[in-house]
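A.B. asks: Let's see this in three dimensions:
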Amino acid sequence: MKMKLLASLLLLSAMTAFTACSKDEETKTEPEVTGSSLFVRMQQGVEPGRDTIYGVKYDAQQRIEYVYDSSFETGYKSVYNAAGQLESIVEEGPFAGGSTINFSYNEGNQLNAIVYSGGGYRYRYEFTYKDGVISQSRFYQNVGDGGAPSLSSISNYEVTDGNITNIKRYAADNVLKKETTLTYTAHENVFKPFVLLNMFARMGYYDLADVEHYFNKNLVSGATSGTILDVYVYTYNDKKQLIKSVSLTEGRILTRFFAY
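C.D. replies: Residues are numbered from 1 along each chain as shown. Below is the predicted model of the structure:
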């Protein structure tokens, strides 16, 4: 009887110790910490005096309200329509060129057209969708005399898992000028909100925030056009926030830093 009691006590003690250890282990397991992807400062370039600082302000709906360019002392103000879509961008500041960019959307609330006007320049993008997915863009331009823009190029897209993976760019006469294949990381495309503000490279982000990137779910990791390979590298902090990007593109190295 005593032996049975002793064995029961030992078993109970072992179970209690195991449970305590399990609880300790569970207590030590910390939840994953992820920070906001809304950066408020972007630094483009690493050489003092030749770099550009962009300050970003968001509204209560976490939409970009204003971007300030330190190099040109110019601000870009976002105007949203009643549906919450970006309707226009107004250039402000002592060195502003008076340009405007307007956006329109189709019945499915997808971006339909982009129209730029400023300093005698006229540009327009028109977008086509197939089964709700971007399939083509047509680019029109008039440089200098302010007249109606004419067709300059046509781009056909292949989309895989929410990202444009192939671009065939044709001249207005349908002659193929360039074909590009793209690969992507698993990270969220945090530059998507900046694409429309960066239209026509106003902010210099042609490599990470050109018009095609507006339609991408993830960040690009590589782009191949013929024998030319562009590579994009990203660095994150412990909250999984992007803090640095390096683009090796067109024979140049473009470095940027981000703060939150």
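A.B. asks: Find the nearest non-adjacent residue to residue 147, please.
C.D. replies: Nearest residue to residue 147, sequence neighbours excluded (C-beta to C-beta, 6 or more residues apart in numbering): residue 122, at 7.0 Å. No exception for glycine: its C-beta is placed from N, CA and C like everyone else's.
A.B. asks: Quick one: neighbours of the one you found, just the number.
C.D. replies: Each residue near residue 122 was counted by other C-beta atoms under 10 Å, and the total is 20.
A.B. asks: contacting residues for residue 119?
C.D. replies: 97, 98, 99 (C-beta atoms under 8 Å, 6 or more residues apart in numbering).
A.B. asks: hmm, back to that, adjacent strands (with direction) for the host helix or strand of the residue nearest to residue 147?
C.D. replies: For residue 122, the element it lies in under DSSP states H and E is strand 121-130. Partners of strand 121-130 in the sheet, by DSSP bridges, are strand 111-118 (antiparallel), strand 133-143 (antiparallel).
A.B. asks: what are the ranges of the helices in this protein?
C.D. replies: For the chain, the helices defined by DSSP state H occupy 2-28, 192-195.
A.B. asks: Where among these is average confidence lowest?
C.D. replies: With a mean of 42, helix 2-28 has the lowest mean pLDDT of those.
A.B. asks: for the stretch 1-150 of the chain, which spans come out with low pLDDT?
C.D. replies: Filtered on pLDDT under 70, the stretch 1-150 of the chain yields the residue ranges 1-34, 48-50.
A.B. asks: Quick check on the contacts of residue 119: which are buried?
C.D. replies: residue 99 (16 or more other C-beta atoms under 10 Å).
A.B. asks: Among the contacts of residue 119, which one sits closest to residue 89?
C.D. replies: residue 99 (8.6 Å; C-beta to C-beta).
A.B. asks: Any idea what the nearest residue to the closest one once chain neighbours are set aside is bridged to?
C.D. replies: Spatial nearest neighbour of residue 99, chain neighbours left out: residue 118 (2.5 Å); criterion: C-beta to C-beta, 6+ apart. Residues in a beta bridge with residue 118, per DSSP bridges, are residue 121.
A.B. asks: in terms of contact, does residue 118 touch residue 98 like I think?
C.D. replies: Yes - Residue 118 lies in contact with residue 98 (C-beta atoms under 8 Å); the separation is 6.0 Å.
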